[in-house]
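K.L.:
compute the structure for the input listed below.
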Amino acid sequence: MAKIGFIGVGNMGGPMALNLLKAGHSVKVFDLSEAAVQTCVDAGGEAAPSANDAATGVNIVVSMLPKGDHVRGVYLGDNGAIAAASEGTLFIDCSTIDVATAREVSAAASAAGMMMVDAPVSGGVGGAVAGTLTFMVGGPAGAFEAAKPVLEVMGQNIVHTGASGNGQAAKICNNMILGISMIAVSEAFVLGEKLGLEHQTLFDIASTASGQCWSLTSYCPVPGPVPASPANNDYKPGFSAQNMLKDLMLSQEAADGFDASTALGKAATDLYQSYVSGDGEAADFSGIINMIRKN
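P.N.:
Residues are numbered from 1 along each chain as shown. Predicted coordinates:
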């Protein structure tokens, strides 16, 4: 069993750390939330007083942080986790951040004699709890193979996407598709309502026809057709509108930086910005249908 430091045990990182503990690994955790740390301690984990301490005396460091600035702050510099760790430590950053930061931090780890992968996830809090996440993993083949047994404890689909930063690239592209498709499905249901179509009728047709997509069949934005979707729980977030906006903004930053045309991605970003600035700040991203209904 491995000795693992886990930095960031919030809504996503917490369940991931708990799954590592259930698998018998030794896990030392750090988070700014004392309650989040205590949940892991109650399950057999060890509390670390700082991110640096979480990276000390372990074989593997896993991180799940909100933004690229946080990742740079945790890993880089004389007081960062890379400097605190022993040579040969494997770093697994599961945050969703910009590609440039992922590559910068990975290069710093490599220069210090460490292995590192960027491994953002898909699957939401439910997937984190169930251990069914998809990991999109960027980094050298050797680092990927070293990380895979740990990732398999927390997820079902572990995909090597290529060089460092490519995990982030895959996550950004995937979630741009997701944001666009949820808006399309929402607009179709709103139009169907105005034309007199029942929700279930439209779902039964579109889910078996050319309009079929994950946003429809697994996460339908209207109550009824998919009982597990947030639409049946007052749009309480499984994947928040704020997180969708963050990922869409990352997609547009990447599109601008690499001269890619993403007209629908930009439109989706603008719509989610309006939703989050209005009623969607604390809602699931599928709740954007409520804004579309009002427009």
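K.L.:
what's the longest helix in this protein?
P.N.:
helix 166-195 (DSSP state H).
K.L.:
could you list the buried residues of it?
P.N.:
166-190, 192 (16 or more other CB atoms under 10 Å). For every residue, glycine as well, the C-beta is placed using N, CA and C.
K.L.:
check stretch 243-259 too.
P.N.:
243, 244, 245, 246, 247, 248, 250, 251, 252, 254, 255.
K.L.:
now find how far off-centre stretch 254-264 is within its chain.
P.N.:
Relative to the chain's own centre, stretch 254-264 is displaced by 21 Å; criterion: CA atoms, centre = their mean, to the nearest Å.
K.L.:
I'd assumed residue 55 was in contact with residue 61.
P.N.:
Yes - here residue 61 lies in contact with residue 55, judged by CB atoms under 8 Å, at a distance of 4.9 Å.
K.L.:
mutual contacts of these two, please.
P.N.:
5, 7, 81, 85, 89 (CB atoms under 8 Å, 6 or more residues apart in numbering).
K.L.:
strands - which of those residues land there?
P.N.:
Cross-referencing the shared contacts of residue 61 and residue 55 against strands under DSSP state E gives 5, 7.
K.L.:
I'd like the mean pLDDT over stretch 175-194, please.
P.N.:
Averaging pLDDT along stretch 175-194 yields 98.
K.L.:
er, stretch 84-102 actually
P.N.:
Rounded mean pLDDT across stretch 84-102 is 95.
K.L.:
one more: stretch 114-123?
P.N.:
Averaged across stretch 114-123, pLDDT comes to 95.
K.L.:
repeat for stretch 39-50
P.N.:
On average, stretch 39-50 scores 97.
K.L.:
buried sites along that stretch?
P.N.:
Using 16+ other CB under 10 Å as the test for burial, stretch 39-50 gives 39, 40, 43, 45, 46, 48.
K.L.:
ditto for stretch 78-91
P.N.:
Buried, per 16+ other CB under 10 Å, within stretch 78-91: 80, 81, 82, 84, 85, 89, 90, 91.
K.L.:
which non-adjacent residue is nearest residue 144?
P.N.:
Here the nearest residue to residue 144 in space, its sequence neighbours aside, is residue 160; by CB to CB, 6 or more residues apart in numbering that works out to 4.7 Å.
K.L.:
same question but for residue 247, I mixed them up
P.N.:
Leaving aside its sequence neighbours, residue 247 sits nearest to residue 175 (CB to CB, 6+ apart; 4.0 Å).
K.L.:
which ones are touching that neighbour?
P.N.:
Each residue near residue 175 by CB under 8 Å, 6+ apart is listed here: 96, 122, 244, 247, 248, 251.
K.L.:
which residue, neighbours along the chain excluded, lies closest to residue 89?
P.N.:
In this structure, residue 89 finds its nearest non-sequential neighbour in residue 114, 5.2 Å apart by CB to CB, 6+ apart.
K.L.:
now residue 28
P.N.:
Nearest non-adjacent residue to residue 28, counting by CB to CB, 6+ apart: residue 46, 4.4 Å away.
K.L.:
which other residues reach whatever helix or strand residue 289 lives in?
P.N.:
Assigned by DSSP states H and E, residue 289 belongs to helix 288-294. Under the contact criterion CB under 8 Å, 6+ apart, helix 288-294 has outside partners 182-183, 186-187, 189-190, 193, 221-222, 231, 235, 241, 271-272, 274-275, 278-280, 283.
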